[in-house]
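> Have a look; sequence and predicted model below, questions after that.
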Amino acid sequence: MRIDQILPAFTGGDAISNYAVELRKFFQNWGYHSEIFVPAANYNAGIDQVCRPLSEHSRLSSSEDIIIYHFSIGDITADYFRKADGIKIIIYHNITPAHYFAIVKPEMAIALKQGRQKLLELASVTDLALGVSEYNRKELEAAGFRRTGVIPLTINWSGMDGEPDRDLINKYRGKGEIILFVGRVVPNKKIEDLLKAFYHFKLIKPKASLVLLGNYRDTPDYYEFLQRIIQELDLKDVIFTGHTTHDELLAYYKLASVYLCLSEHEGFCLPLMEAMQFGIPVMAYAAAAVPDTMAGSGVLVKEKNYPAIAEMAALICDNPEFRQKIIKGQYRRLDEFRSFPLEEKLKEMLSPWINQG
C-alpha cells in the first residue's frame with residue numbers, strides 16, 4: 001500500500017512543503033511506500049531528491065492506495081486529484097478570498113475564485129478532508145465535505161536556529177522600538193492598517209520603526225497604494241525589506257519589540273508562532289484562523305481602533321511586568337502546540353483505510 005502526497009509546488013523552506021516532508025516520514029515509519037508529487041511545470045532538478053513529477057503517480061498507485069492533496073489554490077493538481085483512483089484525502093491550507101485582489105491583481109482574483117470552485121467540486125469525491133485549523137475545517141464543512149477533521153501544521157523549529165545578521169543587529173539595536181510584521185505584502189494582510197496603527201504609535205514613540213518583512217514585488221499596484229498612504233501620513237522609518245536571507249530574518253526577530261498582525265485572512269499564520277518562539281509579544285487581529293492559532297495567548301485585537309492598538313503596543317514596550325506576562329502565556333501556548341500528538345492523531349484519522357497491525 002502507498003500513501004502519497006501531491007502539492008501544486010514544492011519550495012524548500014516553505015511551510016506546506018516542510019509539512020509534507022514531515023508527514024512522509026510518518027508514513028514511511030509506518031511501513032508504507034510514500035512519495036511527494038508535483039506537476040511537471042513546477043518540477044525541477046533542485047527538488048528531484050524530494051519529489052517526483054505528478055505524471056508518474058498514476059502508474060505507481062492503485063485504487064487501494066491513499067492520495068493526500070495539499071489544497072491551497074486551484075490548479076491542474078485539483079483536476080488530477082478529482083479523477084484519480086484511490087482513497088482521497090485533502091489537507092486544506094485555505095484560499096484567500098478573491099475580492100482582496102480584484103483591483104490590485106485581477107488575474108490572481110480569477111485564480112482564487114476558480115480555486116474556491118474547484119474546492120466545491122472535490123467535496124463529492126473526497127473520503128476525508130482535514131483543515132490545518134478549526135477555521136479551515138469549518139470552511140470544508142460549509143463546502144460540503146462529509147467527513148472533516150483538524151490536523152495542525154508542523155513547525156520546523158530548527159529553522160529558527162542560526163546566527164542573526166550582526167550588521168542588522170548593530171544598525172538597529174538601541175535606536176528605538178521596532179514593530180515587526182512577517183508575510184507577503186498582499187491586500188488580505190491589510191498592511192495599510194499596520195501603517196495607520198504605526199502612525200499613532202509613532203506619536204508615542206518617535207524613534208520607532210515599522211519593519212514589513214516580505215515580498216512586495218508580486219503586487220506592485222498594492223505597494224504603490226501603500227506608498228501613497230506613507231506619504232499622506234508623512235510616515236518615517238517604515239522599512240519594506242523585500243527578500244531577506246535567513247540570517248536577516250533571525251536578526252529582525254531578535255530586534256523586534258512587538259509583533260503586530262492586522263491581517264483579515266489567515267488559514268493558520270505561522271509567523272505568529274515564530275514570533276512567540278523568539279519571545280516577542282504578539283498582537284494580532286481576531287480574524288479567520290488567528291484566534292485558533294493564538295489559543296488565548298498574546299493580545300487578540302478585537303477592533304481596529306488604531307490609537308488603542310498603538311497605546312497597547314506602547315504599554316507592552318514600557319511595562320516589563322506586563323510584557324513578561326504576555327511572553328509567559330505565549331510560551332505555554334507553544335508548549336501546548338509542541339505536545340500535540342500529531343502522528344498519533346493522523347494515524348487515528350487514517351485508521352479506516354490503513355492496516356495498523
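Perfect, I can see it now.
> Read off the pLDDT value for the residue nearest to residue 112 when sequence neighbours are not counted.
Among residues not flanking residue 112 along the chain, residue 98 sits closest, at 4.1 Å (C-beta to C-beta, 6 or more residues apart in numbering). C-beta here means a position set from N, CA and C on the backbone, and glycine is covered the same way. pLDDT recorded at residue 98 is 96.
> before we move on, what about the one 3 residues further on?
At residue 101 the predicted local confidence, pLDDT, stands at 97.
> how far is the helix or strand residue 230 falls within from where the chain is centred?
Residue 230 belongs to helix 220-232 when assigned by DSSP states H and E. Averaging C-alpha positions (C-alpha atoms, centre = their mean, to the nearest Å) puts helix 220-232 24 Å from its chain's average.
> Just the buried residues of it, please?
For helix 220-232, a neighbour-count test (16 or more other C-beta atoms under 10 Å) marks 222, 223, 226, 230 as buried.
> cool, stretch 288-303 as well?
288, 289, 290, 291, 292, 293, 294, 297, 298, 299, 301.
> In helices, which of the residues you listed appear?
Members of the buried residues of stretch 288-303 lying in helices (criterion: DSSP state H): 290, 291, 292, 293, 294.
> Isn't the first one up against residue 261?
Yes - with contacts defined as C-beta atoms under 8 Å, residue 290 counts as touching residue 261 at a distance of 7.1 Å.
> between those two, what contacts are shared?
Jointly contacting residue 290 and residue 261 under the rule C-beta atoms under 8 Å, 6 or more residues apart in numbering are 269, 272, 284.
> any low-confidence regions in the chain?
355-357 (pLDDT under 70).
> Can you identify the helix in it that spans the most residues?
Max-length helix for the chain by DSSP H is helix 320-338.
> give the contact list for residue 122.
Counted by C-beta under 8 Å, 6+ apart, residue 122 has contacts 69, 71, 78, 81, 82, 88, 90.
> element containing the third one, please.
Residue 78 belongs to helix 76-83 when assigned by DSSP H and E.
> wait, is residue 259 part of a strand?
Yes - counting by DSSP: H, G, I helix; E, B strand; the rest coil, one finds residue 259 located in a strand.
> quick one, what contacts the spatially closest residue to it that is not a sequence neighbour?
Excluding the flanking residues, the one nearest residue 259 by C-beta to C-beta, 6+ apart is residue 275, at 3.8 Å. Residues near residue 275 by C-beta under 8 Å, 6+ apart: 180, 182, 253, 256, 259, 282.
> what's the helix or strand for residue 275?
Assigned by DSSP H and E, residue 275 belongs to helix 270-277.
> then whichever helix or strand residue 197 is part of to PDB, C-alphas only?
When secondary structure is defined by DSSP H and E, residue 197 falls within helix 191-204. Taking C-alpha atoms only, helix 191-204 is exported to PDB below (Å, rounded to 0.1, in the frame of the first residue of the first chain):
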ATOM      1  CA  ILE A 191      -0.700  46.400   5.500                       C
ATOM      2  CA  GLU A 192      -2.500  49.800   5.300                       C
ATOM      3  CA  ASP A 193      -3.900  49.100   8.700                       C
ATOM      4  CA  LEU A 194      -0.400  48.400  10.100                       C
ATOM      5  CA  LEU A 195       0.700  51.800   8.700                       C
ATOM      6  CA  LYS A 196      -2.300  53.600  10.400                       C
ATOM      7  CA  ALA A 197      -1.600  51.900  13.700                       C
ATOM      8  CA  PHE A 198       2.100  52.700  13.400                       C
ATOM      9  CA  TYR A 199       1.300  56.400  12.700                       C
ATOM     10  CA  HIS A 200      -0.300  56.600  16.200                       C
ATOM     11  CA  PHE A 201       2.500  54.500  17.700                       C
ATOM     12  CA  LYS A 202       5.000  57.000  16.300                       C
ATOM     13  CA  LEU A 203       3.200  59.800  18.200                       C
ATOM     14  CA  ILE A 204       4.000  57.900  21.400                       C
END
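> three-state assignment of residue 218?
Going by three-state DSSP: residue 218 is coil.
> re the thing from before, counting contacts, what elements does the helix or strand following the helix holding residue 230 pack onto?
For helix 220-232, the succeeding helix or strand toward the C-terminus, using DSSP H and E, is strand 238-240. On a contact count with 3 or more C-beta pairs under 8 Å, 6 or more residues apart in numbering; DSSP states H and E, strand 238-240 meets strand 209-213.
> For the strand it packs on, C-alpha coordinates in PDB please.
Taking C-alpha atoms only, strand 209-213 is exported to PDB below (Å, rounded to 0.1, in the frame of the first residue of the first chain):
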ATOM      1  CA  SER A 209      10.500  51.800  13.200                       C
ATOM      2  CA  LEU A 210       8.000  49.500  11.400                       C
ATOM      3  CA  VAL A 211       9.600  46.600   9.600                       C
ATOM      4  CA  LEU A 212       7.500  44.800   7.000                       C
ATOM      5  CA  LEU A 213       9.400  41.700   6.200                       C
END
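> a markdown table for the contacts of residue 122, including neighbour count?
Shown next, in a markdown table, are the contacts of residue 122 (neighbours: other C-beta atoms under 10 Å):
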| residue | neighbour count |
| --- | --- |
| 69 | 25 |
| 71 | 29 |
| 78 | 22 |
| 81 | 23 |
| 82 | 15 |
| 88 | 18 |
| 90 | 25 |
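> which one of those sits closest to residue 323?
When the contacts of residue 122 are ranked by distance to residue 323 (C-beta to C-beta), residue 71 comes first, at 38.8 Å.
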